[in-house]
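Undergrad: Model the following, please.
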Amino acid sequence: MGIQHNIATVIRAVMIERQLTLTQFSAELEISRSALQNYLREEGNPSISTVEHLARKLDVDPEVLLTGVFQQDQVKVLIHIFEAIQDVSNLPEERKQLFGERIAGLLQLWDDPP
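TA: Predicted coordinates for the structure are as follows:
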């Protein structure tokens, strides 16, 4: 995996976290929509100054963009987990059961050999 992949991974993660469309996110990043699409397709070759600009707009260190080592703030992650738990607890019992079965199925994928 190269730098282009790392940049795409971080940009995509922040875009999903902020729940923005391509058009909205490109405006927020102050880059064209086509440039954003290129970065997400791992085709863009940003200059160092562009990496620094993107890092500021993404609120990450430039090293995060280059290395792809992206860790969200743990407090934000915990809040998302608690919100998800609250949402599940509000489901009717039948839907809770279905949700539990599907999560158990996903967890089993880690145990199954490829």
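Undergrad: quick one, phi/psi of the closest residue to Ile11 other than its chain neighbours?
TA: Nearest residue to Ile11 in three dimensions, chain neighbours excluded: Tyr39, at 5.6 Å (C-beta to C-beta, 6 or more residues apart in numbering). The way it works is simple: take the backbone N, C-alpha and C, and place the C-beta from them, glycine included. Note on Tyr39: its backbone torsions stand at phi -60, psi -40 [degrees, to the nearest 10].
Undergrad: who's in contact with Tyr39?
TA: 4, 7-8, 11, 46 (C-beta atoms under 8 Å, 6 or more residues apart in numbering).
Undergrad: now do 10 Å
TA: By C-beta atoms under 10 Å, 6 or more residues apart in numbering, the contact set of Tyr39 is 4, 7-8, 10-12, 26, 29, 31, 45-46, 50, 54, 65.
Undergrad: Stretch 39-50: end-to-end distance?
TA: Its start and end residues considered, stretch 39-50 measures 11 Å (C-alpha to C-alpha, to the nearest Å).
Undergrad: Can you list the low-confidence ranges for the protein?
TA: For the chain, the stretches flagged by pLDDT under 70 are 1, 70-80, 82, 112-114.
Undergrad: ok, now with 90
TA: 1-2, 5-6, 9-10, 12-19, 44-45, 59-91, 96, 99-114 (pLDDT under 90).
Undergrad: longest helix of it?
TA: helix 93-111 (DSSP state H).
Undergrad: elements contacting it?
TA: Applying 3 or more C-beta pairs under 10 Å, 6 or more residues apart in numbering; DSSP states H and E, we find helix 93-111 packed against helix 74-89.
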